[in-house]
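Peer 1: Predicted model follows, preceded by the sequence.
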Amino acid sequence: MRALLKEIEQNGSNRSRKNQMLRQAIKFSLHEGEKSITEFCKHMRLSVPTGTKLVQELIDKKIFLEAGKRDSASGRKPTVFDLNPSIGYVIGVELLLNSIRINILNLRHEVVFEFKNDSFDISKEDEAYRFLAKKIRELVQSSAVPRDKILGIAIAITGRVDSKSGISYTYLQRYSPLTVSLENEWGIPVFIENDTRLMALGERRFGMAKGKSDVIFVNLSQGLGISIISNGLIHGGHSGFAGEFGHIHALENERICVCGKKGCLETVVSGLALEEIYKERYNMSLPYEQILSKMETGDKVLKAILSSMGEQLGNSLGTVVDIFNPEMIVIGGSFTHVAEFMKYSIIKGFSLQGLPQLIADCEVEISSLGGQAVMLGSFSLVTEKVLK
Ligand SMILES: [Zn+2]
């Protein structure tokens, strides 16, 4: 794949018709999976002979493989083609406050290697950076994925991130720009993005937001953030910090938020808030994931807490709906598995606050990708960058 991209670039102008067609065919397969010649031709507006020649060229270059016959109601089963999964790989890294997760994905975005560590501490900058640098080197060596087939590494990092400059402003600032420092470590292209925005990118390409142009993605996890998809594009804002929904002023309370302010929405709607509320009720400290797992036992107190949290979230989302007029709100993040329960309260909350006409036009859906949204977003980010 890297070799093909090099060849495309060296073979005349990048904008030549043939180069564009090759990139377009690869992009179509990356997003849509196996397709017939007719589907390629329809999508790319090509004649059947031209489309057939293009697919054959990609097969000759071992970029495409014949993926069998598709069942068809009409009786004639068309041959379908897909990307050769082993010609390119993407590494996705999720860096959160207390955990690190690494996936290696093939070109069909299947996970071929996985690593997770929950004792990671991103606030210990040197230790966290050294661990990440060493771990990627070890994983690439032990995974048997050829190094020259890795198209890039996308890092989803919590906090303020400017993806254009490659700078993480909240964590690992000592190694700024983080992309440059890590590229020097690994010799592989590195991209960074805020974790919520990468999840939204995953949802836009492969999840509930696929084919939609105006969507608000909500990352309800340890913290709370949103990502705005407007006209089909992720809105980063002037400095790349858009979506700090958890830190909007939502109420008068005395809880100090992680940002240092009082009254932030995140102090009542987030994993951290759940831990606080639970501690106040039961005088017991538990990680929010463990508290959420009690939903399996039908814990009534927990249900009441989550209902109230859902309503509060919905109230604030009502304002977001009034401003952005989205067609859909997707609820994702670590709360995804309890979000179906919270959906009624969220809808109730935002129906009370938003303007009726805008609310009526906006669906609320639960992420179908769950924890994989961020890795699929990493996959999309890298492939979009290398095939731009
Ligand atoms: Zn805050």
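Peer 2: Happy to help now that I have it. Numbering: from 1, shown residues only.

Peer 1: residues of the helix of greatest length in the chain that come out buried?
Peer 2: Ranked by number of residues, the top helix in the chain under DSSP state H is helix 300-324. The neighbour-count check on helix 300-324 (16 or more other C-beta atoms under 10 Å) flags 302, 305-318, 320-321, 324 as buried. C-beta: built from backbone N, CA, C; applies to glycine.

Peer 1: And Arg174, how far from Ile329?
Peer 2: Taking C-beta to C-beta, to the nearest Å as the criterion, Arg174 is separated from Ile329 by 37 Å.

Peer 1: if you count what's nearby, which of these two comes out ahead?
Peer 2: Just comparing Arg174 and Ile329: by other C-beta atoms under 10 Å the higher neighbour count belongs to Ile329, 25 against 10.

Peer 1: Show me what that one bridges to in the sheet.
Peer 2: With beta bridges defined as DSSP bridges, Ile329 has these partners: Ile216, Val364.

Peer 1: wait, doesn't it sit right on Ile216?
Peer 2: Yes: contact criterion C-beta atoms under 8 Å: Ile329 and Ile216 qualify, at 4.8 Å.

Peer 1: Overlap in contacts, those two.
Peer 2: Common neighbours of Ile329 and Ile216, counting by C-beta atoms under 8 Å, 6 or more residues apart in numbering, are 317, 321.

Peer 1: who touches Ile291 in this structure?
Peer 2: Here Ile291 is in contact with 274-275, 278, 302 (C-beta under 8 Å, 6+ apart).

Peer 1: Per-residue pLDDT of the residue nearest to Gly92 when sequence neighbours are not counted, please?
Peer 2: Using C-beta to C-beta, 6 or more residues apart in numbering and skipping the chain neighbours, the partner closest in space to Gly92 is Ser378 (3.1 Å). Model confidence at Ser378, expressed as pLDDT, equals 97.

Peer 1: Check the one 10 residues further on too.
Peer 2: Confidence per residue is given as pLDDT, and for Lys388 that number is 77.

Peer 1: ok, it - contacts?
Peer 2: Lys388 makes contact with no residue under the criterion C-beta under 8 Å, 6+ apart.

Peer 1: cool, Ile26 as well?
Peer 2: Counted by C-beta under 8 Å, 6+ apart, Ile26 has contacts 58, 63, 83, 387.

Peer 1: from those residues, which has minimum pLDDT?
Peer 2: Among the contacts of Ile26, Leu387 carries the weakest pLDDT, at 82.

Peer 1: Could you check how far that one is from Tyr89?
Peer 2: The gap separating Leu387 from Tyr89 is 15 Å, by C-beta to C-beta.

Peer 1: same deal with Asp162?
Peer 2: Spatial separation of Asp162 from Tyr89 under the definition C-beta to C-beta is 26 Å.

Peer 1: okay, those two: which has more neighbours?
Peer 2: Counting neighbours by other C-beta under 10 Å for Asp162 and for Tyr89 shows that Tyr89 has the greater number, 25 against 19.

Peer 1: didn't that one look like it was pressed against His109?
Peer 2: No: checked against C-beta under 8 Å, the pair Tyr89 and His109 is beyond contact range at 10.4 Å.

Peer 1: Report the rounded mean pLDDT for stretch 355-371.
Peer 2: Within the predicted structure, the mean pLDDT of stretch 355-371 is 94.

Peer 1: and that stretch, which residues are buried?
Peer 2: Buried positions in stretch 355-371, judged by neighbour count with 16+ other C-beta under 10 Å: 358-359, 362, 364-367, 369-371.

Peer 1: Which of these fall within helices?
Peer 2: In helices, defined here by DSSP H, the members of those are 358-359.

Peer 1: I'd like the buried residues of stretch 355-371 as CSV, with distance to Leu198 appended.
Peer 2: Formatted as CSV, the entries for the buried residues of stretch 355-371 read as follows, by distance: C-beta to C-beta, whole Å:
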residue, distance to Leu198
Leu358, 27
Ile359, 28
Cys362, 23
Val364, 22
Glu365, 19
Ile366, 19
Ser367, 13
Leu369, 11
Gly370, 14
Gly371, 12
